[in-house]
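# Sharing a sequence plus its predicted fold:
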Amino acid sequence: MLIGENGPRRSKGPQLVSAATLVGLALALVLALAFVVGQTLVLGPAAPINGWIVGAAFFFGCGVTVVSMLFEDALIGNLNSVGRMVQQVLFSLLKLALIAAAVVVGYVSDAAILLTWVASLLAAWIAFDLLSRGGMRRLVGRPDFRLLYRLRRETFDHYALDVALQAPGIIMPFLVLVLLSPATTAAFALLWMLVTTAAVIPAVAATALFPVVRSNPDQAGHNILVSLFGSFLVSLAGAVVILVYSQEILAFFNPAYPDIAGSSLRLLGFSLLGLTLKYHACALARLNDRMRTAAYWFAIGGLLEVCLAVAGAQLGGLQGLVLGWTLAVIIEGACAAAFLGLVTKLNAAPGSLQENPAPSPLQT
């Protein structure tokens, strides 16, 4: 929601960011506290978060992470992708440096991982603010909770769409573990991580469409086609790399992985083509304020992914699972392509997004 509503032409953007950040922080801390207390009561000494240092680090880490995510969305909404990149690079470097320092001094524990995460996030935002001469502070203002309340429907719809879009990808490694074996999961997770990393490029391109088209609706059609074409080329290249070099990639990390997976994972990269179309259909749904309707369809598509993956695993093991999931994603991509074509035609008609964008409560 912040990505689309917090634009450079919207004077109330900082007030909205502050309100959303405070609400998000409160929710994160409440849920983190509930999780820490709940897992202690249920699991007792076997709880993964055991000890007040680890618990406190987890509690504050959840809060800091949510604030950081909202600030990153605000940067994208302001079309400041360079600023977000700088902050991410700073965070990565500081995180690695702090982990290395913890290893050198012999402080290797769960608490060390959590504490270095929190410290590096805080330090990265402070460094970004100094380098950008107040870039972080300019994101916030006096919180406007009334405005946030007026946008409650849009907020919920964006959340529902995100859940429907991301849930299948989160579930898939767990399905491999349950349906196949831990050894197979290890090999699958490696190429799955590679596919997920490659999918970041079309996902980011589609996400950037939201604020870009909102800021310049006259160029909507051109920007959508450029983003879609570039993302499709990247996805096709990723699919070819995985098809040709999947065995070599697996062997580089563990010589046993090629024997475990065989050639079952070669076609996994072609799911990138369907994912690219899904991401752009999602962006257009946001632009046309059809998030809730799109969430229903993406939820059905996610159910199709899980069902075909399970059926494929039962019939053909890992290869069947990969084929089933890839086929489901391609089917979703074909449906998304039809939706993209329909929206493109509608945008060329009078009263389209390009000529008559939906009003925002932030506009004055």
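It's in.
# Which segments of this structure make up each domain?
2-147, 152-347 (automatic domain parsing).
# Deepest in the core, which of these is it.
Greatest average neighbour count among these goes to domain 152-347 (a mean of 19), per mean count of other C-beta atoms under 10 Å. C-betas here are computed from N, CA, C, even on glycine.
# could you point out which element follows whichever strand or helix holds A102?
Using DSSP states H and E, the element containing A102 is helix 81-104. Next helix or strand after helix 81-104 toward the C-terminus (DSSP H and E): helix 110-131.
# neighbouring contacts of that following helix?
Applying C-beta atoms under 8 Å, 6 or more residues apart in numbering, the set of residues contacting helix 110-131 from outside is 48-49, 51, 53-54, 57-58, 60-61, 64-65, 68, 71, 83, 86-87, 90-91, 94-95, 97-99, 102, 135-137.
# Show the pLDDT at L318.
L318 is assigned 86 on the pLDDT scale.
# Now for it: which residues touch it?
Contact analysis of L318 by C-beta under 8 Å, 6+ apart lists V176, L180, T184, F188, A261, G262, S264, L265.
# hmm, 6 Å instead?
By C-beta atoms under 6 Å, 6 or more residues apart in numbering, the residues touching L318 are L180, T184, S264.
# do you know how far it is from A309?
11 Å (C-beta to C-beta, to the nearest Å).
# what do you get for G169?
11 Å.
# Over to A74?
For A74, the distance to A309 - C-beta to C-beta - is 36 Å.
# Tell me, please, where in the stretch 201-350 of the chain the pLDDT is lower than the cut-off.
The model of the stretch 201-350 of the chain has pLDDT under 70 over residues 340-350.
# can you map out the strands along it?
Read by DSSP state E, counting those that start in this stretch, the stretch 201-350 of the chain holds no strands at all.
# element containing the closest residue to F145 other than its chain neighbours?
Counting by C-beta to C-beta, 6 or more residues apart in numbering, the nearest residue to F145 once its immediate chain neighbours are dropped is A19, at 4.9 Å. Per DSSP H and E, A19 falls inside helix 13-43.
# Report the separation between S109 and G324.
Between S109 and G324 the computed distance is 40 Å (C-beta to C-beta).
# do F253 as well
25 Å.
# ditto for W52
Counting by C-beta to C-beta - W52 and G324 are separated by 46 Å.
# again, but for W297
20 Å.
# same thing with A112?
40 Å.
# in this structure, which spans are helices?
For the chain, the helices defined by DSSP state H occupy 2-5, 13-43, 52-77, 81-104, 110-131, 145-150, 152-179, 182-215, 220-253, 257-261, 271-287, 291-347.
# Give me the phi and psi for G135.
phi -60, psi -30 (degrees, to the nearest 10).
# and it, what does it touch?
Going by C-beta under 6 Å, 6+ apart, the list of residues near G135 reads G83, D129.
# And for L147?
L147 touches L16, counting by C-beta under 6 Å, 6+ apart.
# How about G312?
Here G312 is in contact with G320, L321, L323, G324 (C-beta under 6 Å, 6+ apart).
# Now the first one: closest residue in space that isn't a chain neighbour?
Yep, that's G320 we're talking about. Per C-beta to C-beta, 6+ apart, closest to G320 is G312, 3.4 Å.
# Quick check: the gap between that neighbour and V195.
17 Å.
# what's the answer for L115, then?
32 Å.
# Likewise for D157?
For D157, the distance to V195 - C-beta to C-beta - is 28 Å.
# And A206, by the same measure?
For A206 relative to V195 (C-beta to C-beta), the value is 16 Å.
# ok, now A102?
The value you get for A102 to V195, if C-beta to C-beta is used, is 31 Å.
# Ok, L284 next?
When L284 is compared with V195 (using C-beta to C-beta), they lie 23 Å apart.
# what's the answer for A32, then?
In terms of C-beta to C-beta, A32 sits 30 Å off from V195.
# and what of D144?
Counting by C-beta to C-beta, the gap from D144 to V195 is 41 Å.
# do the same with D289
31 Å.
# just P211 next, same as before
In terms of C-beta to C-beta, P211 sits 27 Å off from V195.
# so how far is stretch 95-105 from its chain's centroid?
Averaging C-alpha coordinates over stretch 95-105 and over its chain gives two centres that are 27 Å apart (C-alpha atoms, centre = their mean, to the nearest Å).
# Show the average pLDDT along that stretch.
The model assigns stretch 95-105 a mean pLDDT of 90.
# What lies in contact with that stretch?
By C-beta under 6 Å, 6+ apart, stretch 95-105 touches A112, T116, A119, S120.
# wait, what's in contact with L308?
G324, L327, A328.
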